[in-house]
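K.L.:
Okay, sequence plus prediction incoming.
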Amino acid sequence: RPQPQQIRGFRYYPGWLTPAEQAALVADLRAVVAAAPLFSPMTPTGKPMSVQMTSAGRFGWVSDRRGYRYSETHPGGRGWPAIPESVLAIWRAVSGSAREPECCLINHYSAGARMGLHQDRDEADFAAPVVSISLGDDGLFRIGNATRGGKTQSLWLRSGDVLVMGGAARLLYHGIDRIAPGTSLLLAQGGRLNVTLRVVT
Ligand code: MD3
Ligand code: FE
């Protein structure tokens, strides 16, 4: 496995996953999506996000007119499927955390989807890292500072890349400016999948 690079306090593992591992992950994520379909979360202002989402694990991330929160149920009313073993294995290999993830959030970007700069602060324990796995088309990731504004740094995330956001990096503003459609053949329908693993409680 490649050695991680340190960028702004997070650990970046370019090409951590082999093509076979990426294909196995996609199959496992398809099973999650079959049980818990992707949905377009509504922001509290009433506009749908351009990224589609679903989750696995005890908690999933939802957003509607009541606001953003973790929920033990999919918007359809059922509980979330279990986090696949293939995904848990990545957390155990790179997180350095004794805790197990409680949420596996799956973000789906089709051409034109983006995610504005934000902080992840809906979790109770910022000491636990967030682990991110990129699959499919390249995504232009932007990372800034602990407060809005200031210099940002951009990085193309490619299929098979893994990021570990721990320590001070855990609370940095970040987002996805755009994806580059057609840069990967991993997903038959194209687009980008990002998986984030989090401790929530
Ligand atoms: C930096 N997802 O789901 S993953 C998110 O590619 C999210 O879908 C993006 O931001 C995506 O909240 C970026 C990389 C990432 C994930 C969590 C972080 C970067 C982070 C938490 C803190 C700081
Ligand atoms: Fe985030």
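P.N.:
Right, received. Where do you want to start? Everything quoted here is computed from the prediction, not taken from an experiment. Numbering: from 1, shown residues only. Ligands and ions are numbered 1, 2, ... in the order given.
K.L.:
going forward, measure contacts and count neighbours with C-alpha atoms only.
P.N.:
Fine.
K.L.:
Endpoints of stretch 61-76, how far apart?
P.N.:
13 Å (C-alpha to C-alpha, to the nearest Å).
K.L.:
quick one: is that stretch near ligand 1?
P.N.:
No. On the criterion C-alpha under 6 Å from any ligand atom, stretch 61-76 is out of touch with ligand 1, staying 9.0 Å away.
K.L.:
wait, what's in contact with whatever residue of the chain ends up closest to ligand 1?
P.N.:
Proximity of the chain to ligand 1 (C-alpha to the nearest ligand atom) peaks at residue 170, 4.1 Å away. Going by C-alpha atoms under 8 Å, 6 or more residues apart in numbering, residue 170 touches 10, 120, 126, 129-130.
K.L.:
just residue 79 next, same as before
P.N.:
Applying C-alpha under 8 Å, 6+ apart, we find residue 79 in contact with 58, 72-73.
K.L.:
at 7 Å what do you get?
P.N.:
Residues counted as contacts of residue 79 (C-alpha atoms under 7 Å, 6 or more residues apart in numbering) are 72-73.
K.L.:
That one bridge partners, please.
P.N.:
residue 73 (DSSP bridges).
K.L.:
ok, now how distant is it from residue 123?
P.N.:
19 Å.
K.L.:
and what of residue 166?
P.N.:
Taken as C-alpha to C-alpha, the span from residue 166 to residue 123 is 13 Å.
K.L.:
my guess is residue 64 meets residue 39, correct?
P.N.:
No. Counting by C-alpha atoms under 7 Å, residue 64 stays clear of residue 39, with 11.2 Å between them.
K.L.:
pLDDT (mean, whole number) over stretch 73-82?
P.N.:
Taken as a whole, stretch 73-82 has an average pLDDT of 97.
K.L.:
Flag every buried residue along that stretch.
P.N.:
Neighbour-count burial for stretch 73-82 flags 73-75, 79-81 (criterion: 16 or more other C-alpha atoms under 10 Å).
K.L.:
Torsion angles phi and psi at the residue of the chain positioned farthest from its centre?
P.N.:
Distance from the C-alpha centroid of the chain, by C-alpha atoms, centre = their mean, peaks at residue 150 (23.9 Å). Residue 150 has phi and psi values of phi 90, psi -180 when expressed as degrees, to the nearest 10.
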